[in-house]
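1. My questions are about this predicted structure, shown below with the sequence.
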Number of protein chains: 2
Amino acid sequence: MPASDVQDEFLFERIEAEDWDAVAAALAAYHPADIARIITRAPSATYRKLFDRVPEDLKPHVLSELEGQAGSDILEALSSSDIVEIVEDMAPDDAADVLGDLPEDRSEEVLHLMDEEDAHELRRLLKYDEDTAGGIMTTNVVALRGAQTVQAAVEAIAYVESDAPFFYAYVVDDRRVLKGYVHLWELLKERGRQRPLDDLVHADVISAAVDMDQEEVARLMARYDLSALPVVDGKRRLVGRITIDDVVDVMEEEASEDILRLAGSDDEELENVSVLRTCRIRLPWLLITLVTGFVTSMILKQFVAHIAEVLVLSFFVPIVLAMGGNTGVQSSTLTVRRIALGDLHTENIWRILLREIGVGAIMGAVCGLAIALWAVLLVRISPGYAPSHSPLEIALIVALALFGAMTFAAMFGAFVPIALNAIGIDPAVASGPFVTTTNDLSALLIYFAFTVVLVRAFG
Amino acid sequence: MPASDVQDEFLFERIEAEDWDAVAAALAAYHPADIARIITRAPSATYRKLFDRVPEDLKPHVLSELEGQAGSDILEALSSSDIVEIVEDMAPDDAADVLGDLPEDRSEEVLHLMDEEDAHELRRLLKYDEDTAGGIMTTNVVALRGAQTVQAAVEAIAYVESDAPFFYAYVVDDRRVLKGYVHLWELLKERGRQRPLDDLVHADVISAAVDMDQEEVARLMARYDLSALPVVDGKRRLVGRITIDDVVDVMEEEASEDILRLAGSDDEELENVSVLRTCRIRLPWLLITLVTGFVTSMILKQFVAHIAEVLVLSFFVPIVLAMGGNTGVQSSTLTVRRIALGDLHTENIWRILLREIGVGAIMGAVCGLAIALWAVLLVRISPGYAPSHSPLEIALIVALALFGAMTFAAMFGAFVPIALNAIGIDPAVASGPFVTTTNDLSALLIYFAFTVVLVRAFG
């Protein structure tokens, strides 16, 4: 049962009162994922005390769910032999994650204290980059030789020791090369049969290479609706499996990354990092904006010098900047998402760019018309700021400038992520400061160019 | 095997050449998910022709994978009896999705032509809102009575007809009330035993109410690492199950929604909707920005009238707007993501708000210092725009105004999603135009207030 809010409230009350017996009793009724959540939300001074009150058999599960500061604080406070005891009861992939979070000398210490076979396996897992299939897989995988009978296979499976339930068995040849899979359900149906397991094998098995990027793994499993994915090495030998719940975590991570990058921020910030660290993560984008602003102020100065007699035009500068910026953000966000969902291909790049130009032009025309009406009104009520030009001339200048800025921004917003993707950079970075600031500058320059030319022309 | 790019290229070539025999032969080697992908990417005139070339036994799978325009075009082109034939081979949840996409009179027609029992089940599924547990569940669920022996249960399961493999069996009482679950693996281990199934049952089963929001379902399954979730009605009777692959789709959908809402856009746009429809989706945000811009231009007019003698101050308006806007977007994006990940609770609301104010103030101080230096420089190179004030006075005015605008924006950006969430509105809407435009206006007003007061004070 998921924990209810009332239960949570009671527990937090007992934690605050430092009534550790009551806390221990309450925690015993919790799911490990909920215990991890409770610890993360408790004051950091109580992390260790809370973890000590977790029932022994749940500690491995709780520790593998704990992320961020709470996780590292608790690991730091535990002795190496405590860690060994907990880690030995974890699934290998979770154990590798925990060891990967330790400083190298401590993780070496823990590995030395461990059972040699387990340590060997963990060392192998630790070698994989944590963002790859190897980094998220577990080595706990049931591999059956296809030559045996179904009955023998069922008996073998019944004796497998596994810390997590599994739903497929993989079928391999004598050199452990992956040949296919069988559902447990199928084995259950045919459980008494003497026919070879090979007869039941699904040979159309989809697998991941051990160095495949985790985002690619997630996309593969989502696309083919897989609940488990076997992982193979360079010689197609079965080395592990990835289950869908690991991929769900990857998807949450990647979505957070993409969303926060849009704001020039960072995944790390979702954890409780210090205020100063937050500032350090967030300032770079703002400083880029600031420097762009410096350039803007210089351009504005030139602008005012050129069009001092039509000062009314400067009132529209913020509008043009905001419209160009927002149009560009729309285009780049859509394009980045398209790429993330695997929906960009050589054959549709041009279509996407042309589409965005079309969309920008139509929206620019609509907004241009609206701003023209507003400009006529504004000049009528304060003619002093444009003594030498008719309201219609001012309206035409402003409308054309806005139209140009929006069309350019729509095209540019789609172009940048496509270009970044083509040269192998994560297109999501485009959604951050780059597109926004370039659009600010280009919108201003387009506005500036239009107004100066047209003011002269009408002059 | 996932399809390779070379395979894809060949297939698209054959489609273009209208060589339908070669297309049919090539499609036979494809996974249904890849066939759906190919159809979606092909020219819309070929949708129907391609679908006709899909091997008969794959048609149900392909149709349930097809989304957007391609799916509805093909459904429209098929006769009702064709649809019946395809839908009867689908999992009930997929069949309900297809019928839900049909116009009501056509879906009624299809239901009339169907086997009565199937039609009854589909009608029941169609009643659930498609964003709830009921809307994404399948009714295809194995329910065993706990009183029978393990051996009897295994035999019962072996005879279950299921179109999709399953990994758990649910245990119910005589009134179909959910009591727990067993893993198929456990049944396999104990397959010959005469002990009652009740002995093996995990009673700590997590379930979803049939009207639970799909986002909540996804969060529950992600949090507890579940690969399947039983769905129960108001009397805790088992009515269906949700598998993790459905939830992966939900997560992609919701992440897209959140990301695109940040850009004032819309999920629908990721499909190939027309350019005009795209404009209609995207224009509202831009029009809000535009109207805000109108107000900005009025404020600027007043501003210029008040500080005509220090025109240099107007050069900084775009900076202050951009900095306020971006600071606010960072805060609101982080807060929205926190809420989406279930990381906002009554006990930490104040901490989040105070944190954001602190972060905004620190970043405002850093940026204020930078802009002060720039202001001194700018006034020095063009003293004509601030004849009656010293560069230091101008720098102080600009720096204080920027500091105020950024601190306010950081607080406000966090406050809006929290407030929306509290009154039951999806906080993700806050990331769109609302925060941005309010920040533009408030930044300008803060700047205006500071400058007018300080110009007078120094005057």
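-> That came in fine, so what should we check first?
2. my guess is A:Arg53 meets A:Ala22, correct?
-> No: counting by Cβ atoms under 8 Å, A:Arg53 stays clear of A:Ala22, with 9.8 Å between them. Heads up, the C-betas are built off the backbone N, CA and C, glycines and all.
3. Same drill for those two, tell me which one is more crowded.
-> A:Arg53 (19 against 16; other Cβ atoms under 10 Å in any protein chain shown).
4. Please report how far the more buried one lies from A:Ala36.
-> Per Cβ to Cβ, to the nearest Å, A:Arg53 is found 13 Å from A:Ala36.
5. do A:Gln330 as well
-> Using Cβ to Cβ, A:Gln330 is found at 38 Å from A:Ala36.
6. quick one: which of the two has more around it?
-> More crowded of A:Gln330 and A:Ala36, by other Cβ under 10 Å: A:Gln330, with 30 against 24.
7. show me what contacts that one?
-> For A:Gln330, the contacting residues are A:Ala410, A:Gly413, B:Ala263, B:Gly264, B:Ser265, B:Arg282, B:Trp285, B:Leu286, by Cβ atoms under 8 Å, 6 or more residues apart in numbering or on different chains.
8. Tell me which other helices or strands the helix or strand encompassing A:Ile446 touches.
-> Following DSSP states H and E, one finds A:Ile446 within helix A:433-458. With contacts taken as 3 or more Cβ pairs under 8 Å, 6 or more residues apart in numbering or on different chains; DSSP states H and E, helix A:433-458 sits against helix A:275-306, helix A:317-340, helix A:391-422, helix B:317-340.
9. what angle sits between the third one and helix B:275-306?
-> Helix A:391-422 and helix B:275-306 meet at an angle of 120 degrees, taking axes from the mean of the first three to the mean of the last three Cα atoms, to 10 degrees as the criterion.
10. State the mean pLDDT of helix A:391-422.
-> Across helix A:391-422, the average pLDDT comes to 89.
11. Now do that helix against helix A:433-458: the angle between them, please.
-> Using the same axes, to 10 degrees: helix A:391-422 against helix A:433-458 is 150 degrees.
12. List the buried residues in helix A:391-422.
-> Of the residues in helix A:391-422, A:391, A:393-418, A:420-421 count as buried by neighbour count, 16 or more other Cβ atoms under 10 Å in any protein chain shown.
13. One more: stretch A:99-111?
-> Across stretch A:99-111, burial judged by 16+ other Cβ under 10 Å covers A:Leu99, A:Leu102, A:Arg106, A:Ser107, A:Glu109, A:Val110, A:Leu111.
14. need those in CSV with pLDDT, secondary structure and distance to chain B, can you?
-> Output for the buried residues of stretch A:99-111, formatted as CSV (pLDDT from 0 to 100; DSSP: H, G, I helix; E, B strand; the rest coil; distance: Cβ to the nearest Cβ, whole Å):
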residue, pLDDT, secondary structure, distance to chain B
A:Leu99, 89, helix, 20
A:Leu102, 87, coil, 23
A:Arg106, 89, helix, 27
A:Ser107, 89, helix, 24
A:Glu109, 91, helix, 29
A:Val110, 91, helix, 24
A:Leu111, 92, helix, 26
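15. among the contacts of A:Gln330, who's most crowded?
-> A:Gly413 (31 neighbours).
16. Surely A:His306 touches A:Val452?
-> Yes: if you go by Cβ under 8 Å, A:His306 and A:Val452 touch, sitting 5.5 Å apart.
17. Show the contacting residues for A:Val250.
-> Taking Cβ under 8 Å, 6+ apart, we find A:Val250 in contact with A:Ile136, A:Gln214, A:Glu215, A:Val217, A:Ala218.
18. rerun at 6 Å
-> A:Gln214, A:Ala218 (Cβ atoms under 6 Å, 6 or more residues apart in numbering or on different chains).
19. which SS class is it?
-> With DSSP: H, G, I helix; E, B strand; the rest coil as the basis, A:Val250 sits in helix.
20. For stretch A:43-50, measure first residue to last.
-> From its first residue to its last, stretch A:43-50 covers 10 Å (Cα to Cα, to the nearest Å).
21. Give me the contact list for that stretch.
-> So stretch A:43-50 is in contact with A:Ile15, A:Ile39, A:Ala42, A:Ala70, A:Asp73, A:Ile74, A:Ala77, going by Cβ under 6 Å, 6+ apart.
22. now swap in stretch A:276-283 and tell me
-> So stretch A:276-283 is contacted by A:Ser265, A:Asp266, A:Glu269, B:Gln330, B:Val359, B:Ile362, B:Met363 (Cβ under 6 Å, 6+ apart).
23. Pull the most distant pair out of those.
-> Using Cβ to Cβ, these span at most 16.3 Å, a distance reached by A:Asp266 and B:Ile362.
24. got any ranges where the stretch 1-150 of chain A has weak pLDDT?
-> Scanning the stretch 1-150 of chain A with the threshold set as pLDDT under 70 gives A:1-3.
25. count of neighbours near A:Ala70?
-> By other Cβ under 10 Å, 24 other residues sit near A:Ala70.
26. A:Asn140 now?
-> For A:Asn140, the neighbour count with other Cβ under 10 Å is 18.
27. Contact partners for it?
-> Residues near A:Asn140 by Cβ under 6 Å, 6+ apart: A:Ala91, A:Pro92.
28. In the stretch 301-450 of chain A, which residue sits closest to chain B?
-> A:Ile319 (3.0 Å; Cβ to the nearest Cβ).
29. quick one: pLDDT of that residue?
-> Listed pLDDT for A:Ile319 reads 86.
30. picking up where we left off before, where's the helix holding A:Ile446 relative to the chain centroid, distance-wise?
-> Taking Cα atoms, centre = their mean, to the nearest Å, one finds the center of helix A:433-458 at 35 Å from the center of the full chain.
31. what about that helix, average pLDDT?
-> 79.
32. Compute the inter-axis angle for that helix and helix B:317-340.
-> Going by the same axes, to 10 degrees, helix A:433-458 makes 150 degrees with helix B:317-340.
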